[in-house]
Every structure is written in structure tokens, then in C-alpha cells.
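Q: sharing a model prediction with you, sequence too.
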Amino acid sequence: KQEVTQIPAALSVPEGENLVLNCSFTDSAIYNLQWFRQDPGKGLTSLLLIQSSQREQTSGRLNASLDKSSGRSTLYIAASQPGDSATYLCAVLGGGYQKVTFGTGTKLQVIP
Amino acid sequence: NAGVTQTPKFRILKIGQSMTLQCTQDMNHNYMYWYRQDPGMGLKLIYYSVGAGITDKGEVPNGYNVSRSTTEDFPLRLELAAPSQTSVYFCASSYSGSPLHFGNGTRLTVT
């Protein structure tokens, strides 16, 4: 059974700092990995999706990497802003398109 | 293009009542999902559908039912509501491994 872990559960950084969020998974037989952002009381917004054949994806100040062999993904946020404050979740898509396993998220607070 | 639309946004039920959570997507996605999110527990898959007329159970299906008569709609039925079903419910859709798109959720309280 796939297990997805995100550490730390919470993170507080000063504005302008570069930061890395971690996601680890136990079964490397994945189809893709997706990073989401969730604001309080809202749904999940897709940030980046990395196919299993890819090593990284970039969107603006965000860069996500994937190392299938070690079961790890990182989300790098450059020059953090208070508007980046949210919970970030990673989700792994496994052998079937219905087998999406979510981590419990990292709650990020960027302090002005 | 509205994406994934869920109604209602909030609902309070008494124990034993029933209700249907509505979910509609306008992206012609074949896959649709229902998740529940409990504090500190992450998202758990309740049911999913790979196309009209096809549904299957996820991790936590007990107490719920679904149907998928059209590509667009995927309602979730709660029968005999229990306090353990107090949660935030999210509907999502995708096209065969493409990014998941989520609705804004339904916050349900059962008292």
C-alpha cells in the first residue's frame, strides 16, 4: 500500500526566504506526482504535475523535482511571499488512475 | 469554463437524515472522485468513477453511495447520517492521469 509522508507538518519562514517542502512515498511504481496548494476553507489548487519520466517541473517561483528511485519529491519556493501562506499537499498517482494517495500536507506561514 | 462545481457549500444534518452532495464538471473528464478531508488525516477516497455508468469503492465507502449517469455529474448520497460523517467533502475530476481538478468542497456537520 502506498504511503505518502510530508515533513514538516508546519513551517514558518520570514518573507523573501527560499524554502523546500518535502514529500516521500513508499512505492516507486508511480505514474505521476502532483503538488497542490490549499487555502483555508478552500479546495485544492494544482501547482505542478511531474510525470514519472520527468525529473522536474517549473512554474514561476515554483520548482518541483522527482526522484522515483529514492521515493522523494521536493517543492522549491523561491523568494517566498506572505501570499504563499497555505497548506501544500503532494499526491501520488499509482498503478491505476484511481489510485491517488495524498500526503497530510505542510502548513506554510510566510511572515512579512 | 466553471471547472468542478459542488453544492451545497455548507450543510447541517441531524443523525439519521439523508442528503445528496452534488458535483458537476464541464471539462469532459472521464475520471471523477469523491474525497473526504478530516483535520490532520489527509484526504481519503470514498468512491470514484472511470466513466458514465461505472463506479467503484475507494478506501472509506461505508455509509455512502454514488451514481454516474452522465459524464458531467457524480452525486454522492449519504444515507442515515452519522456524526462520524462530519467532514469536508471534495469532488475532483481528471482525464486519464492528467492533473486533478478539485471543487471548493462541502462542509458537512452531523449532530
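A: The structure has been received and is ready for your questions. Numbers count the residues shown, from 1 in each chain, chains lettered A, B, ... in the order given.
Q: separation between the closest residue to A:N18 other than its chain neighbours and A:L62?
A: Distances taken as CB to CB, 6 or more residues apart in numbering or on different chains put A:A78 closest to A:N18, at 5.2 Å, once the chain neighbours are dropped. C-beta: built from backbone N, CA, C; applies to glycine. As judged by CB to CB, to the nearest Å, A:A78 and A:L62 stand 8 Å apart.
Q: please apply the same query to A:I7.
A: Look at A:I7 and A:L62: by CB to CB, they are 19 Å apart.
Q: more neighbours: which of the two?
A: Applying other CB atoms under 10 Å in any protein chain shown to A:I7 and A:L62 shows that A:L62 carries more neighbours, namely 17 against 12.
Q: does B:I15 sit in a helix, a strand or a coil?
A: Secondary structure state of B:I15, per DSSP: H, G, I helix; E, B strand; the rest coil, is coil.
Q: contacts only, for it.
A: Taking CB atoms under 8 Å, 6 or more residues apart in numbering or on different chains, we find B:I15 in contact with B:A81, B:A82, B:P83, B:V110, B:T111.
Q: separate out the buried members of the residues you listed.
A: Among the contacts of B:I15, those scoring as buried are B:A81, B:V110 (criterion: 16 or more other CB atoms under 10 Å in any protein chain shown).
Q: hey, what's the residue nearest to the spatial centre of chain B bridged with?
A: With distances taken as CA atoms, centre = their mean, B:W34 lies nearest the centre of chain B, 3.2 Å away. Counting by DSSP bridges, B:W34 is bridged to B:Y47, B:C91.
Q: thinking it is in contact with B:T55, fair?
A: No: counting by CB atoms under 8 Å, B:W34 does not reach B:T55; the two are 9.8 Å apart.
Q: can you pull the residues that touch both of these two?
A: Listed as contacting both B:W34 and B:T55 by CB under 8 Å, 6+ apart are B:Y47, B:Y48, B:V66.
Q: can I get the residues you listed in CSV with distance to B:V88 and pLDDT?
A: CSV is the format used below for the shared contacts of B:W34 and B:T55 (distance: CB to CB, whole Å; pLDDT from 0 to 100):
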residue, distance to B:V88, pLDDT
B:Y47, 16, 94
B:Y48, 18, 93
B:V66, 17, 97
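Q: looking at the residues you listed, which is nearest chain A?
A: Nearest to chain A among the shared contacts of B:W34 and B:T55 is B:Y48, at 4.5 Å by CB to the nearest CB.
Q: so how many other residues sit close to the closest one?
A: Residues near B:Y48, counting by other CB under 10 Å, number 25.
Q: sorry, back to before: the residue nearest to A:N18: what's it in contact with?
A: Going by CB under 8 Å, 6+ apart, A:A78 touches A:N18, A:R61, A:L62, A:N63.
Q: swap in B:L100?
A: The neighbourhood of B:L100, defined by CB under 8 Å, 6+ apart, consists of A:Q34, A:F36, A:L44, A:S46, A:A91, A:V100, B:Y33, B:A92, B:S93, B:S94.
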